[in-house]
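Q: mind folding the following:
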Amino acid sequence: MEAVRGGVRAVGARRLYASLPLFDADSTLVIDLSIPDGGTFVGSDGVRSYRSRFLDAWESLTTAAEPFKGGVVVIGRFIGRGAASGADVQANFTPVITMQKDKVTQVTLFQSRADALEAAGLQE
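A: Numbering: from 1, shown residues only. Now for the predicted structure:
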């Protein structure tokens, strides 16, 4: 779970590439379509491309996350200021993380904790 926390801290610190070694080369990043720029991003290039666009959208960004339900689901929060709008934003995020052999193979990001738990086959 420390790898997951480290990955969240790296994004919050705008260190785009710091957590990429945690990901399998063929990993998949699925961003819920209710989230701006949502979609499916495949492989190292796809993950890197999404993260780069995401980070470029923020003038400032702080993230925090804690494992939930045995670490399959992570409860996170980010606080940021939009680069273009200057708007202050606070939002929750709830990724469901799949790992194999100590590498992240898939991250599915939800805004809703209930949707994330349902996707993982878990309950509150």
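
Q: which helices and strands sit right next to the lengthiest strand in the chain?
A: If you go by DSSP state E, the chain has its longest strand at strand 88-100. Here strand 88-100 touches strand 73-82, strand 103-110, helix 113-119, going by 3 or more C-beta pairs under 8 Å, 6 or more residues apart in numbering; DSSP states H and E. Quick note: C-beta positions are derived from backbone N, CA and C, even for glycine.

Q: adding mean pLDDT, distance to residue 32 and mean neighbour count, write these out as JSON lines.
A: Listed next are the helices and strands packed on strand 88-100 as JSON lines, based on pLDDT from 0 to 100; distance: least, C-beta to C-beta, whole Å; neighbours: other C-beta atoms under 10 Å:
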{"stretch": "strand 73-82", "mean pLDDT": "86", "distance to residue 32": "13", "mean neighbour count": "18"}
{"stretch": "strand 103-110", "mean pLDDT": "89", "distance to residue 32": "5", "mean neighbour count": "19"}
{"stretch": "helix 113-119", "mean pLDDT": "87", "distance to residue 32": "7", "mean neighbour count": "17"}
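
Q: go through the ones you listed and name the closest to residue 40.
A: Proximity to residue 40, assessed across the helices and strands packed on strand 88-100 by C-beta to C-beta, is greatest for strand 103-110 (9.4 Å).

Q: pairing partners for the closest one, with directions?
A: strand 23-31 (parallel), strand 88-100 (antiparallel) (DSSP bridges).

Q: what's the angle between the last one and strand 73-82?
A: Counting by axes from the mean of the first three to the mean of the last three C-alpha atoms, to 10 degrees, strand 88-100 points 140 degrees away from the direction of strand 73-82.

Q: still on that earlier bit, I'd like the strands paired with strand 103-110 as JSON lines, with distance to residue 55 appended.
A: As requested, the strands paired with strand 103-110 are exported to JSON lines (distance: least, C-beta to C-beta, whole Å):
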{"stretch": "strand 23-31", "distance to residue 55": "14"}
{"stretch": "strand 88-100", "distance to residue 55": "14"}
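
Q: that older thread, which of the helices and strands packed on strand 88-100 sits closest to residue 41?
A: Judged by C-beta to C-beta, the one of the helices and strands packed on strand 88-100 that comes nearest to residue 41 is strand 103-110, at 9.5 Å.
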